[in-house]
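Asks: Here is a sequence together with a model predicted from it:
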Amino acid sequence: MTAIFRAFSAVILAVVAVAGVSAQTHHFVGGDDGWVPEMNVSSWLAGRVFKVGDKLWFKNSGAEGILEVRGPEELEACDFKNPIEMYTDHVALEEQGVRYFVSGNLQHCKNGLKLPVPIVADPEPFWPRPTNQSPGFEPVKPDLAPPDPFEPVKPDLAPPEPYWPAPGAFPPGGGHDQEPPFGPYDPPVKPIYPPPQEPSYPPPPSDAIVVEGAKMMMIVGLLIGCVVGV
């Protein structure tokens with residue numbers, strides 16, 4: 001009996017590790033030989049997984065039939081005084097849980113012809129991960145929140161600061177002294193022109209120079225007359 005429960009534990013571990021595509025499986029208890037006293041239950045259970053929707057087939061069960069008992073205590077003691085159901089050839093596994101079956105022959109049951117069947121929910125189908133994604137990759141969901149409302153920038157329409165010329169910007173005198181402050185939209189600086197100047201002439205010749213010039217003219221005239229007379 002210890003070997004049967006070890007095989008039962010191995011089946012539980014295999015059930016936890018299984019993952020595959022949904023499909024109904026028909027399990028033929030005992031293989032080709034069927035449900036016979038010589039059946040090696042531990043060997044047949046090893047690595048087998050029972051899912052909701054599968055079926056058990058008991059071949060060669062004979063007139064003794066197959067009894068479903070209520071729990072592991074009744075299975076271990078071959079106590080089928082108050083069984084759940086009696087079957088002749090097959091059992092449909094319709095719900096998740098553990099079901100217990102024994103031979104209707106008390107001696108065969110005590111010799112080991114008893115079967116615990118752990119039934120698991122149909123595992124979800126396996127979908128392979130795309131090869132271009134690393135393990136643990138989670139796609140980023142786009143942020144579809146509406147953008148913040150746009151607020152245009154208002155132009156600054158304040159008038160410019162008035163311009164005040166620095167002290168000493170205008171030369172003293174000449175009618176170009178600094179004028180009173182002007183408005184914000186007047187020209188900042190008026191053009192500056194130099195003061196007008198009187199024209200300068202050479203001084204007139206003195207009287208001595210005039211007399212000397214007259215004498216020179218007379219001398220030249222006499223010389224010319226002499227030359228002509230000759």
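Replies: Alright, I've got the coordinates.

Asks: low-confidence ranges in this structure?
Replies: The model of the chain has pLDDT under 70 over residues 1-22, 123-147, 149-150, 152, 155-156, 159-160, 162-193, 201-211, 213, 226-230.

Asks: give me that answer again for 90
Replies: Residues of the chain meeting the criterion pLDDT under 90: 1-24, 30-35, 37, 58-65, 80-81, 88-90, 121-230.

Asks: ranges for the strands of this structure?
Replies: Secondary structure of the chain, counting by DSSP state E: strands at 26-29, 50-51, 55-58, 66-69, 85-87, 90-92, 97-103, 114-120.

Asks: Need the winner for burial among those.
Replies: Greatest average neighbour count among the strands of the chain goes to strand 66-69 (a mean of 22), per mean count of other Cβ atoms under 10 Å. Placement of C-beta: from N, CA and C, glycine included.

Asks: Who are the packing partners of it?
Replies: strand 85-87, strand 97-103 (3 or more Cβ pairs under 8 Å, 6 or more residues apart in numbering; DSSP states H and E).

Asks: let's go with 10 Å and repeat that
Replies: Contacts defined by 3 or more Cβ pairs under 10 Å, 6 or more residues apart in numbering; DSSP states H and E place strand 66-69 against helix 72-77, strand 85-87, strand 90-92, strand 97-103, strand 114-120.

Asks: Just the residues contacting that strand, thanks.
Replies: Contacts to strand 66-69, defined as Cβ atoms under 10 Å, 6 or more residues apart in numbering, come from residues 29, 35, 56, 58, 74-91, 99-105, 109, 113-115, 117.

Asks: And for stretch 80-88?
Replies: Here stretch 80-88 has contacts from 56, 58, 61-71, 74, 91, 99-104, 106, 109, 114, using Cβ under 10 Å, 6+ apart.

Asks: and if we set it to 6 Å?
Replies: 65-69, 102 (Cβ atoms under 6 Å, 6 or more residues apart in numbering).

Asks: Out of the residues you listed, which is nearest to Arg48?
Replies: Nearest to Arg48, judged by Cβ to Cβ, of these is Ile66 at 17.3 Å.

Asks: Tell me the spacing between the residue lying closest to the closest one once chain neighbours are set aside and Ser43.
Replies: Once flanking residues are discounted, Ile66 sits nearest to Tyr87: 4.6 Å by Cβ to Cβ, 6 or more residues apart in numbering. Tyr87 sits 22 Å away from Ser43, going by Cβ to Cβ, to the nearest Å.

Asks: any idea how far Pro37 is from Gly104?
Replies: According to Cβ to Cβ, Gly104 and Pro37 sit 12 Å apart.

Asks: of these two, who's got more company?
Replies: For Gly104 versus Pro37, neighbours defined as other Cβ atoms under 10 Å are more numerous around Gly104 (19 against 13).

Asks: Surely that one and Gly65 touch.
Replies: Yes. Gly104 lies in contact with Gly65 (Cβ atoms under 6 Å); the separation is 4.2 Å.

Asks: one step back: compile the strands of the chain into CSV and extend it with columns for distance to Val153.
Replies: Converted to CSV, the strands of the chain look like this (distance: least, Cβ to Cβ, whole Å):
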stretch, distance to Val153
strand 26-29, 77
strand 50-51, 68
strand 55-58, 77
strand 66-69, 83
strand 85-87, 83
strand 90-92, 76
strand 97-103, 71
strand 114-120, 67
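
Asks: So which of these is nearest Lys154?
Replies: strand 114-120 (70.0 Å).

Asks: who does the closest one pair up with?
Replies: Partner strands for strand 114-120, per DSSP bridges, with pairing direction: strand 50-51 (parallel), strand 97-103 (antiparallel).

Asks: Fine by me, thanks again.
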